[in-house]
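Enquirer: fold the following, please.
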Amino acid sequence: MAESLTRKYNIDFLGKRAIAVGLSVALSIAAIVSLLVQGLNFAIDFTGGTIVEASYENPADLTKVRVQLEEAGFRNPTVQHFGATKNVLIRLAPVEKAERSAPIGPQDGATAAQSDLKSRIGKALNKDPDVRAEVLRVEFVGPQVGDDLTESSILALVLATIGILVYVAWRFEYRFALGAILATLHDVIMIFGVFSLFQLDFDLSVLAAVLAIMGYSLNDTIVVFDRIRENFRKYRRGEVVDIMNLSINETLSRTLMTSFLTFLTVLAMAIWGGEVIHNFALALIVGILVGTYSSIYVASALALWLGVSRADLLLPDKEGTADSRP
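Expert: Residues are numbered from 1 along each chain as shown. Model (predicted):
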């Protein structure tokens, strides 16, 4: 029976599980080290501060804009093009003194402070008489809002992880659930590691991409697990490794085609979508690549190492149809 199963698949994925999981562990450790040493470069959504959008008559020199803001007293401004080279998006970190003196009560006081800040930024950007800039909007995000968003983000990740664990354990078996959740966390850690290593802005859109990748990766893993369970009911005398390899190969074309088409769409977003969604698309690209890898190599290998047996695979379904097969 094992020989007949072997002829049905071409790639021995689980035969290479030690190398694949070892590579994943090494990359995960590197990502965690980067997170501990450098941390994430949280955007203004989480840290609080000011977002400024400005428009120039000609393509803006980002280096010159940054120098002008620093000379005007703004510390470590982040400057980038916003959709076109004539539009600039500026992020200003919160200043403790300004935060303490900022009006909290009346709306007209807050409006006056915002107008004053807009005037200061406008003067800084128009310091060169040959370069004209117009400040289109100024938005302030308080530090308390950033703290609330951070807590909500952590809660969202924890609840999503618990939900995945419960669902897969109910749908299949707890060893499958552990394999699926470890593979999903592997994908999340990889995204965090890339953003930490290159110090890319981590904002709410990136967090949304992380949550989306958790669902995307889990969906691929569930497809493989479903096929594994079906094949164990179909090939009742096959070896565990052979049947799991067969199942991965049978779903391989579906996994690769789905990932490839999704990757093309997200790649187009990253190239032509502009700065606003660039990091969102980049997080999805990293997630799709590592999610596809973990669905093929990591999830089933972890479930196998956790001790999944034939009895475990047949346990969720005892309706009689599977048992009646020869």
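Enquirer: can you check the pLDDT for the residue nearest to the spatial centre of the chain?
Expert: Residue closest to the average C-alpha location in the chain (CA atoms, centre = their mean): Val210, at 2.7 Å. Val210 is assigned 92 on the pLDDT scale.
Enquirer: begin at 503 from now on, thanks
Expert: In the new numbering, first residue 503, that becomes Val712.
Enquirer: confirm for me that it is in contact with Leu784.
Expert: No. Applying CB atoms under 8 Å, one finds Val712 not in contact with Leu784, separated by 11.7 Å. To be clear about C-beta, it is placed using only N, CA and C from the backbone, and glycine gets the same treatment.
Enquirer: got the contact list for Glu555?
Expert: Glu555 makes contacts with Phe584, Asn589, Val590, Leu591, Ile592, Val637, Leu638, Arg639, as judged by CB atoms under 8 Å, 6 or more residues apart in numbering.
Enquirer: switch to 6 Å and redo it
Expert: Each residue near Glu555 by CB atoms under 6 Å, 6 or more residues apart in numbering is listed here: Leu591, Leu638, Arg639.
Enquirer: for it, helix, strand, or coil?
Expert: State at Glu555, reduced to three classes by DSSP: H, G, I helix; E, B strand; the rest coil: strand.
Enquirer: if we can go back for a sec, which one of the contacts of Glu555 is nearest Asn560?
Expert: Nearest to Asn560 among the contacts of Glu555, counting by CB to CB, is Leu638 at 16.2 Å.
Enquirer: helix or strand for the closest one, which one?
Expert: strand 635-643 (DSSP states H and E).
Enquirer: elements contacting that strand?
Expert: The contact analysis (3 or more CB pairs under 6 Å, 6 or more residues apart in numbering; DSSP states H and E) places strand 635-643 against strand 551-558, helix 609-627.
Enquirer: highest mean neighbour count out of the ones you listed?
Expert: Most buried of these by mean neighbour count (mean count of other CB atoms under 10 Å) is strand 551-558; its value is a mean of 20.
Enquirer: and the helix or strand just after it, what's buried?
Expert: Next helix or strand after strand 551-558 toward the C-terminus (DSSP H and E): helix 564-573. Of the residues in helix 564-573, Val567, Arg568, Gln570, Leu571 count as buried by neighbour count, 16 or more other CB atoms under 10 Å.
Enquirer: which one is the second one nearest to, not counting chain neighbours?
Expert: To tie it back to what came earlier, the one meant is Arg568. Nearest non-adjacent residue to Arg568, counting by CB to CB, 6 or more residues apart in numbering: Val581, 4.8 Å away.
Enquirer: Throw the helices and strands packed on strand 635-643 into JSON lines and include mean pLDDT, thanks.
Expert: Listed next are the helices and strands packed on strand 635-643 as JSON lines, based on pLDDT from 0 to 100:
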{"stretch": "strand 551-558", "mean pLDDT": "88"}
{"stretch": "helix 609-627", "mean pLDDT": "73"}
